[in-house]
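In: turn this into a structure:
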Amino acid sequence: MQSWEQPTAVKHGIGCLENLGEELMRLGVRKPLVVTDQGVKAAGLLDRVQAILDEKGIDRAVFDRVKGNPPVELVGEGSQAYLDYGCDGLVALGGGSSMDTAKAIGVEVANGGCILEYEYGHKPIEKRIPPLVTIPTTAGTGSEVTLWAVITDPKRRIKFNVGGTPLIAPHVALIDPVLSATLPPNLTAWTGLDALSHAIECYTMTYAQPITDAVALLAIEYIGKYLRRAFACGKDMEARYKMAMAATLAGMAYGVDSAGAVHAMAQTFGGYIDVHHGYLTAVMLPVVMEYNWMGNPEKFARIAWAMGENVAGLRVEEAAKVAVRTVADLVNDLEVPPLSSTGVTEKDIPILAKMAFDDPQTVGNPRDLDLAAYEKMYRRLLAA
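Out: Okay, here's the model as predicted:
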């Protein structure tokens, strides 16, 4: 039996950030902990949020120490801040790292202990996190609606998943495309391609189902049509809005399940070497698709249609290969640097392949995987 749950209220539109105060009051939150990072603060977005809260007379505390690939210790510091300041809710302002950190803080506050205990498959989450409003400032991770948080354990040099249950889901997602208008082109590309990897992996994974197929396909269509525009002109508000929707739809495609080899590789790589997650999914997606298309050629052919390619009259296998080439062209157009730019070398491949193979997301991949397959894909990536 399969299931799909979406407990998050999704509220979206240009300027909808102005409704933050009303949403917090509706949730009964009187003093939220605003979880964010220094980049968001420097862009002036934290000041905008604080001004909106001031207008409604809402007190708050700020935890602005989030960094990419948030570690276990950081989550603990955020939880302590939540308790020290007497907070009763959370606002996550930023990209996936801020939203995942806020979710993890919520797990610790509500359930006790350290987030490490709640690694998926270990101690279950039993209590709903405090009211959480997510405000994405990028269009990529989909964490504003997912049932997951990804946290780094520096001691093991791995990233691990927490969640897979509605108990960790945000209560409200406020999606205002204006917040991503000043995002630099490289981050626009990386986060947008991260959303594409979510959509493609969730559409083709072994756990796919009709509901996830529907939202994944529309996300693919939007990204194929609007990501280049958002990359080329950051203030193209139509493109920013459609990309924001694509990221959320792709996040919904996760449901309670997993992804595939792109995320098995990117997630474990990010624990081994501290590199932006969106960049990793972006650079890895074409090579993994090249390997995977034979596992479900019909769906890969449908991806080509969604990306805007006319594959009428082609055999299914040929149409599937068009999807691979189309995504590779998009990655190239968006000037994604090669994996070798991270400093990884051939000697790292056996370690990285083993870590990816051991990642739970390997199970959802549409084509069978072994260590040799992962090593082959890593060699392809380094040769690019």
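In: could you list the low-pLDDT ranges of the stretch 51-200 of the chain?
Out: Of all residues in the stretch 51-200 of the chain, none has pLDDT under 70.
In: other residues contacting stretch 223-238?
Out: Stretch 223-238 is contacted from outside by 14, 139, 177-178, 180-185, 188-189, 192-193, 195-196, 199, 239-240, 242-243, 246, 306-308, 326, 330, 333-334, using C-beta atoms under 8 Å, 6 or more residues apart in numbering. Any C-beta I mention is one placed from the backbone N, CA and C, and that applies to glycine too.
In: try stretch 324-333
Out: Contacts of stretch 324-333 (C-beta under 8 Å, 6+ apart): 193, 196, 200, 224, 227-228, 231, 282-283, 285-286, 289-290, 293, 300, 303-304, 307-309.
In: if you set the cut-off to 10 Å instead, what comes out?
Out: 189, 192-193, 196-197, 200, 220, 223-224, 227-228, 231-232, 282-293, 300, 303-304, 306-309, 311, 336, 384 (C-beta atoms under 10 Å, 6 or more residues apart in numbering).
In: mind giving me the ChimeraX command for buried ones among those?
Out: Buried members of these, defined by 16 or more other C-beta atoms under 10 Å, are picked up in ChimeraX with:
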select :189,192,193,196,197,200,220,223,224,227,228,231,282,283,284,285,286,287,288,289,290,291,292,293,300,303,304,306,307,309,311,336
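In: follow-up on the earlier one: from the contacts of stretch 223-238, which ones fall inside helices?
Out: Among these, the residues falling in helices (DSSP state H) are 185, 188-189, 192-193, 195-196, 199, 239-240, 242-243, 246, 306, 326, 330, 333.
In: can you tell me which of the residues you listed are buried?
Out: Buried by 16+ other C-beta under 10 Å: 188-189, 192-193, 195-196, 199, 239-240, 242-243, 246, 306, 326, 330, out of the ones in helices among the contacts of stretch 223-238.
In: what is the nearest of those to residue 271?
Out: Comparing those against residue 271 with C-beta to C-beta places residue 193 closest, at 20.0 Å.
In: that closest one - nearest residue in space that isn't next to it in sequence?
Out: Spatial nearest neighbour of residue 193, excluding adjacent residues (C-beta to C-beta, 6 or more residues apart in numbering): residue 282 at 3.6 Å.
In: isn't that neighbour right next to residue 337, touching?
Out: Yes - with contact defined as C-beta atoms under 10 Å, residue 282 and residue 337 form a contacting pair (9.4 Å).
In: between the two, which contacts overlap?
Out: Here residue 282 and residue 337 have 186, 190 as joint contacts, going by C-beta under 10 Å, 6+ apart.
In: list the contacts of residue 153.
Out: For residue 153, the contact set (C-beta under 10 Å, 6+ apart) comprises 71, 72, 73, 115, 116, 119, 159, 160, 271.
In: who wins on neighbours among the residues you listed?
Out: When neighbours are counted by other C-beta atoms under 10 Å, residue 115 leads the contacts of residue 153 with 28 neighbours.
In: hang on, residue 159 in a strand?
Out: Yes - judged by DSSP: H, G, I helix; E, B strand; the rest coil, residue 159 forms part of a strand.
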